[in-house]
Each structure stands twice: as C-alpha cells, then as structure tokens.
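A.B. asks: Got a sequence here, can you build the structure:
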Amino acid sequence: MPNPTDDRGNPCSIAGLSAKQVGWRALGLPSVTPDPVLKEEQKRTAGIEIAVAIVGGLVGWVLWSIAVSPLTRPKLGVLLDLVAQTTWCVIVAMIFWYILLNRIRRERFPRIAEIYLSAGNCASCGYKLHGLAPEPDSCILCPECNAAWKQTRIGSQVES
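C.D. replies: Predicted coordinates for the structure are as follows:
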C-alpha cells in the first residue's frame, strides 16, 4: 500500500476526519453531507467503500448462518432469526467499513490531496494554507505539520 507523501516526497499523514465527519461518511450520502470537501472526497472513494461494506455484510451473513442461526432459528422462528441476521450483517458491514476507511483513504490519497489542496487546505492535516508565503522551490510549507505543497496545486482561495 502506498504511503502518502507531500510534494517534496516526504511522508505525511492524511487529513483526519472528525467524529462528525465520520458520521456523515457513515450515511454514505454525499448529497446530504454539509462539508463540501468531505462531499468531494466521498465521491472519489464511494465505490470502494460500498464494496468493503458489501463484503463485510456477506461475511456477517455467512458467520451468522454457520454459527448462530442453527441455535436461534428453533427458538426465535424463521422471521425473527432473519431480522436478527440482517441486523447483524449491517453491523458487521459498518465495522468493516470503519476499520478499512483509513486504508481506503490512504490508497486514494493523491485524489484526496487534490480535493483538500483545491479547497486551500493542507492535505496532511487540513490546516488552512491561506496567506502563507511560498518557499524558494515554490512549495508552501504547512506550519501545523510541515508538509510541503506546490503553490500551483493550492486552490484560488489561497493568496500568497
């Protein structure tokens, strides 16, 4: 898996998501997400996130069918067992998605970096890069995390 790097090739992190942003991401509906940067990021990673959730749901279904259903079906009946199994599958799907979200974001980092940078934010920490002077190599150095980004990649909201 590729490790994220800034424009100088130095390793960097990926701008973290707040608990509120993770909650909006969990809904999986970019149209209702109030944060425009997050909305764009969701569009870039939606396919793989959906695939991960489906795999998680299938794993949950198989586990329930093998380990739990033989015990619960005689006691609960088919309908209640099916409702419980479906609920379990949704929970397992969300756990898979949540655990793998950072890995997905790391794999898609070049695309995510473009979104953050075009909005004038550091792709590594989310710090606003507005008003910062470029270095001699035309990189703007983030004062928060020391990631360096080419001035040309940073959105028009940033003035040097």
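A.B. asks: tell me the pLDDT at Asp81?
C.D. replies: Note on Asp81: pLDDT of 93.
A.B. asks: Skipping adjacent residues, who's closest to it in space?
C.D. replies: Arg73 (4.5 Å; Cβ to Cβ, 6 or more residues apart in numbering). Any C-beta I mention is one placed from the backbone N, CA and C, and that applies to glycine too.
A.B. asks: Also Val37?
C.D. replies: Nearest non-adjacent residue to Val37, counting by Cβ to Cβ, 6+ apart: Ala119, 4.9 Å away.
A.B. asks: Also Arg111?
C.D. replies: With Cβ to Cβ, 6+ apart, the residue lying closest to Arg111 is Arg44, at 4.6 Å.
A.B. asks: Now do the strands for this structure: every range, in order, please.
C.D. replies: 139-141, 148-150 (DSSP state E).
A.B. asks: Tabulate the ones you listed (CSV), appending mean pLDDT, mean neighbour count and distance to Ala84.
C.D. replies: Listed next are these as CSV, based on pLDDT from 0 to 100; neighbours: other Cβ atoms under 10 Å; distance: least, Cβ to Cβ, whole Å:
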stretch, mean pLDDT, mean neighbour count, distance to Ala84
strand 139-141, 94, 21, 53
strand 148-150, 94, 21, 49
